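# How does the following fold in three dimensions:
(one chain, ligands or ions: 1)
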Amino acid sequence: MTSSQPPQSARPGSTPSRQNLDPHLDRYAARTAGMTASEIRALFAVASRPEVVSLAGGMPNLAALPLDSLSTQMAEVVAEDGLVALQYGSAQGVPTLREQICDVMAMEGISAHPDDVVVTVGSQMGLDMVTRLFCDPGDVVIAEGPSYVGALGSFAAYQANVVHVAMDDDGLVPDNLREALAAAKQRGQRVKCLYTIPNFHNPAGVTLAVDRRAEIVEICAEHDVLIIEDNPYGLLGFDGQTYPSLRSMAPENVVYLGSFSKTFASGLRVGWVLAPHAVREKLVLAAESATLCPPTLNQLVVSKYLETHDWKGQIKTFRENYRERRDAMLSALEQHLPAGCTWTQPEGGFYVWVTVPEGVDTKAMLPRAVTARVAYASGTGFYADGLGSRQMRLSYCYPTPERIREGVRRLAGVLESEMEL
Ligand code: PMP
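I've put the predicted structure just below:
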């Protein structure tokens, strides 16, 4: 857990100053100025106390995984292939796994060649590498407003300027994108990338309408803007529905990020980038300088799982579990939240995005919610520009339906007192 406070190293009797709070302060590279602890990560410590119902984190619910057969399989990987599994491997990733990743992407209609797949340590590493490759300090990255906190962290670390584009219930609004591009041009800023989560958005819970997808791809091509399509939830549509990927519409202008974190096991940290062919070589170099190679053992475990398990059936089970939790949350919100609150209706993924009445500040309210034994993620953490104080993200992925109902009941009580203030 990182803290927003630098460690205290002041000696007794000395006057505290910025310098003796962290003696390395004037050594840090200038780009670290943008690195601050995310509000959401800072929350984890309080939210994980057992008496608190946490609707804050986005941890996948792994209870449905077949742990017995997985542990047998993991042992088999070492017994049968240990000298490979425990050795360095290729920076691009294990070739068999890259082929299997293409089969996974085919479930969403993406046709890809294993040569264009780079295995990463979760898609978070993909975000870091892509930003490192494409963003100079001051470049603009357009992102949905709100957007994924980990992506905002990567953009900040490379000193890119995030410009948010508002969404509606059908995701990113093409006209708003056009306006943002025109405004950046007028300011003389170079827009390098559009970062988008088209399916079951984190944190907004919405999905980009199918008829907007080609339009967005076209706008980006017209303005010479690279698309970063982040799709960790695409196979978690509650009716098994999938949507056409932006990548399949413009393979040479879309960097696609995928992950096994939500469809298998987040702790294995295996994700991937599907890059335009021309970008692949630089990506592999970036991966090599970051990690030499992704963990071979973890890749072989994922590969064996895909080869021998009914992984599609497992995803279906995950979807059913999440659907049950989504239903519990939506009906509890309907039943308990005070008038004036609105929220999105996710058809997949982990999150509901709630807007509260004017006058309520979700960031200021959070300590009072924790006192009332419920936690959420305040909306401000999902914007780079300070918006979001009337919003909050509620996650239904992890708690049981009973805990979700109890959490929403507690939250409603806090909101009611807040509205009376
Ligand atoms: N992108 C989005 C939209 C996410 O929600 C997450 C995880 N919360 C990630 C990327 C990172 O996932 P991974 O575990 O693959 O690094």
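# Spatially central residue (nearest the centroid) of the protein, please.
In the chain, the residue lying closest to the centroid (C-alpha atoms, centre = their mean) is Tyr148, at 4.9 Å.
# Give me the neighbour count for Ala29.
7 (other C-beta atoms under 10 Å). C-beta: built from backbone N, CA, C; applies to glycine.
# follow-up on the earlier one: my guess is the residue nearest to the centre of the chain contacts Pro232. True?
No - counting by C-beta atoms under 8 Å, Tyr148 does not reach Pro232; the two are 9.2 Å apart.
# so what's the one residue in the chain that gets nearest to the ligand scoring on pLDDT?
Nearest to the ligand in the chain, going by C-beta to the nearest ligand atom, is Gly122, at a distance of 2.6 Å. Here the pLDDT value assigned to Gly122 is 98.
# is it true that it touches Ser261?
Yes - at 6.0 Å, Gly122 and Ser261 qualify as touching, with contact defined as C-beta under 8 Å.
# follow-up on the earlier one: now the common contact residues for Tyr148 and Pro232.
Residues touching both Tyr148 and Pro232 by C-beta atoms under 8 Å, 6 or more residues apart in numbering: Asn202.
# now stretch 314-322, how far from the chain's geometric center?
Chain-centre distance of stretch 314-322: 19 Å, with C-alpha atoms, centre = their mean, to the nearest Å.
# cool, stretch 243-257 as well?
18 Å.
# Around the ligand, pick out the residues from the stretch 201-350 of the chain.
202, 230, 232, 259, 261, 266, 271 (C-beta under 6 Å from any ligand atom).
# got the contact list for the residue nearest to the first one when sequence neighbours are not counted?
Across the structure, with C-beta to C-beta, 6 or more residues apart in numbering as the measure, the residue nearest Asn202 apart from its sequence neighbours is Tyr148 (5.0 Å). Residues counted as contacts of Tyr148 (C-beta under 8 Å, 6+ apart) are 197, 202-203, 230, 382.
# Next, format those as a markdown table and append pLDDT, secondary structure and neighbour count.
Formatted as a markdown table, the contacts of Tyr148 follow (pLDDT from 0 to 100; DSSP: H, G, I helix; E, B strand; the rest coil; neighbours: other C-beta atoms under 10 Å):
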| residue | pLDDT | secondary structure | neighbour count |
| --- | --- | --- | --- |
| Ile197 | 98 | coil | 28 |
| Asn202 | 98 | coil | 24 |
| Pro203 | 98 | coil | 29 |
| Asp230 | 98 | strand | 27 |
| Phe382 | 97 | helix | 29 |
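# Which residue, other than its chain neighbours, is closest to Val77?
Leaving aside its sequence neighbours, Val77 sits nearest to Leu300 (C-beta to C-beta, 6+ apart; 4.9 Å).
# wait, that neighbour sits on Ala85?
Yes - taking C-beta under 8 Å as the definition, Leu300 is a contact partner of Ala85 at 4.9 Å.
# which neighbours do the two share?
Val77.
# Have a look at those two and say which one is more surrounded.
Neighbours around Leu300 and Ala85, counted as other C-beta under 10 Å, are more numerous at Leu300. The numbers are 25 against 21.
# wait, what's in contact with the more buried one?
Applying C-beta under 8 Å, 6+ apart to Leu300 gives the contacts 77, 81, 84-85, 94, 97.
# For the lengthiest strand in the chain, enumerate the helices and strands it packs against.
Criterion DSSP state E: the longest strand present in the chain is strand 161-168. With contacts taken as 3 or more C-beta pairs under 8 Å, 6 or more residues apart in numbering; DSSP states H and E, strand 161-168 sits against strand 140-145, helix 149-157, helix 174-186.
# and it with the ligand, contact?
No - judged by C-beta under 6 Å from any ligand atom, strand 161-168 makes no contact with the ligand; its nearest approach is 14.0 Å.
# so, in contact with the ligand or not, whichever strand or helix holds Tyr195?
Assessed by DSSP states H and E, Tyr195 sits inside strand 191-196. No - residues of strand 191-196 are not located near the ligand by C-beta under 6 Å from any ligand atom, the shortest gap being 9.6 Å.
# which other helices and strands contact that strand?
Using 3+ C-beta pairs under 8 Å, 6+ apart, the elements in contact with strand 191-196 are helix 122-134, strand 140-145, helix 174-186, helix 210-222, strand 226-230.
# Ok, which of the ones you listed comes nearest Thr371?
Among these, strand 140-145 comes nearest to Thr371, with 29.8 Å by C-beta to C-beta.
# what angle sits between that closest one and helix 174-186?
150 degrees (axes from the mean of the first three to the mean of the last three C-alpha atoms, to 10 degrees).
# Out of the contacts of Leu300, which is nearest to Lys185?
Nearest to Lys185 among the contacts of Leu300, with distances taken as C-beta to C-beta, is Leu97, at 41.6 Å.
# ok, that closest one - contacts?
119, 270, 299-300, 302-303, 306.
# make it 10 Å
Applying C-beta atoms under 10 Å, 6 or more residues apart in numbering to Leu97 gives the contacts 89, 114, 117, 119, 260, 270, 272, 294, 296, 298-304, 306-307.
# Gly386 now?
Applying C-beta under 10 Å, 6+ apart to Gly386 gives the contacts Thr380.
# And Thr296, by the same measure?
By C-beta under 10 Å, 6+ apart, Thr296 lies in contact with 77, 81, 84-90, 93-94, 97.
# that older thread, looking at the contacts of Leu300, which one is closest to Asp175?
Asp175 lies nearest to Leu97 out of the contacts of Leu300, by C-beta to C-beta, at 40.8 Å.
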